[in-house]
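Novice: Here is the input, now give the coordinates:
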Amino acid sequence: MNDEVFLNERVEVVATFGAGLNPCNPIKFRRASGRIVEISEIGLRHPTMQGTRMVHMFDVTDGGADYRLEFDAERLTWRLLMEADRV
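Specialist: Numbering: from 1, shown residues only. Sure thing, here's the model as predicted:
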C-alpha cells in the first residue's frame, strides 16, 4: 500500500458467510460519507487478537484504491482502518 491514510471509520459491510477455508468474504462497504465501495479482490486476510477479542483483518481493493477492513468477531462491527491509492 502506498500513500496510506490511516482511518478508524465505522463502515457498513455487505459480506457473505459460508463454509471452507475463507468463510467470510466482504463484498462492498459504505463509508460514513455515503460512498459505496465495491470490492473487486480480497488480498491478505488474517485473524488477530486485540486484548481478549478476536478481530479479522482484510486487505481489499476496488481496483482504484486499497483498503484494510477490520471485523470485530465479538462486537460484530466493521471498521475501515486504512486507505491507499494504487500506483
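Novice: Show me where the chain has its strands.
Specialist: If DSSP state E is used as the criterion, the strands of the chain fall at 4-17, 24-30, 36-38, 41-50, 53-61, 65-72, 77-85.
Novice: Make a markdown table out of those and add mean pLDDT and mean neighbour count.
Specialist: In this view, the C-beta of every residue, glycine as well, is placed from N, C-alpha and C. As requested, the strands of the chain are arranged in a markdown table below (pLDDT from 0 to 100; neighbours: other CB atoms under 10 Å):
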| stretch | mean pLDDT | mean neighbour count |
| --- | --- | --- |
| strand 4-17 | 95 | 13 |
| strand 24-30 | 96 | 17 |
| strand 36-38 | 98 | 14 |
| strand 41-50 | 94 | 11 |
| strand 53-61 | 96 | 17 |
| strand 65-72 | 96 | 19 |
| strand 77-85 | 96 | 17 |
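Novice: any idea how far the residue nearest the centre of the chain is from Ala19?
Specialist: Residue closest to the average C-alpha location in the chain (CA atoms, centre = their mean): Leu69, at 2.0 Å. Leu69 is 21 Å from Ala19, where distance means CB to CB, to the nearest Å.
Novice: Grab the nearest non-local neighbour of the residue nearest to the centre of the chain.
Specialist: Residue nearest to Leu69 in three dimensions, not counting chain neighbours: Phe58, with 4.5 Å by CB to CB, 6 or more residues apart in numbering.
Novice: Over to Ala32?
Specialist: Nearest to Ala32 is Glu9, by CB to CB, 6+ apart, at 5.7 Å.
Novice: residue contacts, that neighbour?
Specialist: When contacts are counted by CB atoms under 8 Å, 6 or more residues apart in numbering, Glu9 touches Arg31, Ala32, Arg79, Leu80.
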